[in-house]
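S.K.: Return a 3D structure for these sequence lines:
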Amino acid sequence: MRQVMKARFKYRIYPTPGQKYRLAKLFGCVRVVWNDSLAYCQQKYKSGEKKSSNSELQKLFITQAKKTEEREWLSEVSNIALQQSLNDLNQAYQNFFKSTQGKRKGRPIKPPKFKSRKSKQTARFTKGGFKVGQHKIYLAKIGKLKIVWSRELPTAPSSVTVIKDSAHRYFLSFVVEIQPEILPKTDNSVGIDLGIKTFATFSDGTKIDAPKPLKKRIKKLRKLSKSLSHKTKGSKRYEKARIRVAKFHATLKDTRTDFLHKLSTEIIRENQTIVLEDLNVSGMIKNRKLSRAISDLGWRTFRTFLEGKAEKYGRDFRVISRWEPTSQVCSNCGFKGGKLDLQVREWECLNCGAKHVLRRECSDKYISRGRAVRDIKRTRRQA
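M.R.: Down below sits the predicted model:
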């Protein structure tokens with residue numbers, strides 16, 4: 001029996017003005033319950049007390065809060081979404097504690113933060129709080145929302161999250177269980193080298209150029225940002241300008257994500273083994289000269305797509321350590337040729353005589369600059 005996987009299916013919805021008002025009320029209540037509980041947990045932590053359990057928080061900030069005059073309007077929205085908000089807070093704290101104790105893989109996770117009404121808004125419903133129809137989705141105390149089915153749901157969803165992004169677009173994200181679709185095995189394998197000028201260079205010499213949506217529209221972004229900076233914060237014109245900037249960034253994100261999805265799917269379908277280098281993206285974007293170009297490519301998102309699709313379709317995905325000297329090892333016989341200088345573009349293996357061409361993205365200007373910096377440091381150490 002094959003292992004069952006969970007997947008998300010996201011669709012665009014178009015609420016009416018009345019439904020937008022009720023959704024805004026729902027998002028506000030979910031945000032208030034989260035922030036009140038988080039402030040209470042932080043206060044107990046500062047006083048040295050033990051963190052309250054999830055059931056205690058729900059009783060204090062939902063059940064009892066509805067009886068007070070300050071929070072009586074919490075009863076106007078679905079209780080399911082409020083409970084799921086505190087469930088998410090409890091899970092966020094568990095992930096944070098496991099990360100600090102070394103029980104969770106990946107980079108360290110920061111503690112939960114307060115939610116802002118200016119960022120993306122979400123509210124999650126479980127079974128009993130929603131009903132899937134042919135053309136509309138019913139949400140408790142919201143009504144029937146018009147939805148655009150871009151593809152069919154494979155199975156009945158276990159939960160749905162209603163989302164409002166910074167560009168004032170509304171989405172529904174369903175969580176469903178799917179069976180992994182094992183593709184026919186193939187003898188093809190590929191190694192991928194990610195870069196800035198060329199997004200990906202395959203081991204067979206194929207090069208893939210990225211759309212680079214931000215680089216092509218950087219003038220428009222500067223114009224919109226300049227217009228926003230001239231508006232008074234809190235005014236209606238400022239809000240309109242902010243939405244224009246948010247819609248612009250949403251378009252960039254959609255263009256980049258579409259390209260990464262199509263490329264990763266094509267690679268997974270054509271190759272049995274995919275090898276990718278482990279890049280320190282978070283460290284590389286700290287370089288102010290390269291941060292915008294790297295962020296415009298979406299290297300980390302591309303790796304995440306490959307990992308998920310390889311697991312779904314039964315492919316072998318491997319990651320090479322960033323400290324592995326791949327450019328110094330002969331791919332023909334495995335002989336290690338030693339450290340190479342940046343200006344070296346080609347080298348010949350001393351063992352088997354195979355010739356190798358290195359892919360260097362650094363220009364001669366940066367190579368000479370780096371050489372000059374090394375000479376200065378060497379002179380200072382000698383002095």
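
S.K.: Show me what counts as buried in stretch 118-138.
M.R.: Residues Q121, T122, A123, R124, F125, T126, G129, F130, I137 are the ones in stretch 118-138 that count as buried (16 or more other Cβ atoms under 10 Å). Where C-beta positions appear, they are placed from N, C-alpha and C, glycine not excepted.

S.K.: Quick one: the strands in the stretch 151-300 of the chain, in order.
M.R.: Assignment of strands within the stretch 151-300 of the chain using DSSP state E, counting those that start in this stretch yields the ranges 159-164, 170-178, 189-194, 200-202, 207-208, 273-277.

S.K.: Got the domain ranges for the chain?
M.R.: According to automatic domain parsing, the chain comprises the domains 5-178, 189-324, 328-383.

S.K.: Same list, those, but as JSON lines with mean pLDDT please.
M.R.: Shown next, in JSON lines, are the domains of the chain (pLDDT from 0 to 100):
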{"stretch": "domain 5-178", "mean pLDDT": "93"}
{"stretch": "domain 189-324", "mean pLDDT": "91"}
{"stretch": "domain 328-383", "mean pLDDT": "61"}
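
S.K.: What's the separation between the spatially most central residue of the chain and S295?
M.R.: Central residue of the chain (Cα atoms, centre = their mean): T301, 6.2 Å from the mean position. Counting by Cβ to Cβ, to the nearest Å, the gap from T301 to S295 is 10 Å.

S.K.: residue contacts, A210?
M.R.: A210 makes contact with F199, F259, D296, L297 under the criterion Cβ atoms under 8 Å, 6 or more residues apart in numbering.

S.K.: and if we set it to 6 Å?
M.R.: Contact partners of A210, counting by Cβ atoms under 6 Å, 6 or more residues apart in numbering, are F199, L297.

S.K.: Would you mind measuring from it to F130?
M.R.: 38 Å.

S.K.: before we move on, what about F202?
M.R.: Applying Cβ to Cβ to F202 and F130 gives a distance of 44 Å.

S.K.: again, but for M5
M.R.: Counting by Cβ to Cβ, the gap from M5 to F130 is 22 Å.

S.K.: With L183 instead?
M.R.: Taken as Cβ to Cβ, the span from L183 to F130 is 33 Å.

S.K.: Please enumerate the helices of the protein.
M.R.: Using DSSP state H, the helices of the chain run over residues 17-46, 54-58, 79-100, 213-216, 218-229, 236-270, 281-284, 291-297, 299-313, 364-382.

S.K.: quick check: angle from the first one to helix 79-100?
M.R.: When you say that, I think you mean helix 17-46. Orientation of helix 17-46 against helix 79-100 (axes from the mean of the first three to the mean of the last three Cα atoms, to 10 degrees) gives an angle of 40 degrees.

S.K.: List the buried residues of helix 17-46.
M.R.: Applying 16+ other Cβ under 10 Å to helix 17-46 flags 19, 22-23, 26-38, 40-41 as buried.

S.K.: before we move on, what about the third one?
M.R.: Along helix 79-100, these residues count as buried under the neighbour rule (16+ other Cβ under 10 Å): 79-86, 89-90, 92-93, 95-96, 99.

S.K.: Give me the helices and strands touching that helix, please.
M.R.: Packing partners of helix 79-100 (3 or more Cβ pairs under 6 Å, 6 or more residues apart in numbering; DSSP states H and E): helix 17-46, helix 54-58, strand 121-126.

S.K.: Redo those as JSON lines? Include distance to T206.
M.R.: Formatted as JSON lines, these follow (distance: least, Cβ to Cβ, whole Å):
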{"stretch": "helix 17-46", "distance to T206": "46"}
{"stretch": "helix 54-58", "distance to T206": "51"}
{"stretch": "strand 121-126", "distance to T206": "39"}
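
S.K.: Out of the ones you listed, the one nearest C349 is which?
M.R.: Taking Cβ to Cβ, strand 121-126 is the member of these nearest to C349, at 55.0 Å.

S.K.: Would you mind listing the outside residues contacting that closest one?
M.R.: Under Cβ under 6 Å, 6+ apart, the answer for strand 121-126 is L26, F27, V30, I80, A81, Q84, S159, V160, T161, V162, I163, K164.

S.K.: mind running it again at 7 Å?
M.R.: 26-27, 30, 78, 80-81, 84, 139-140, 159-164 (Cβ atoms under 7 Å, 6 or more residues apart in numbering).
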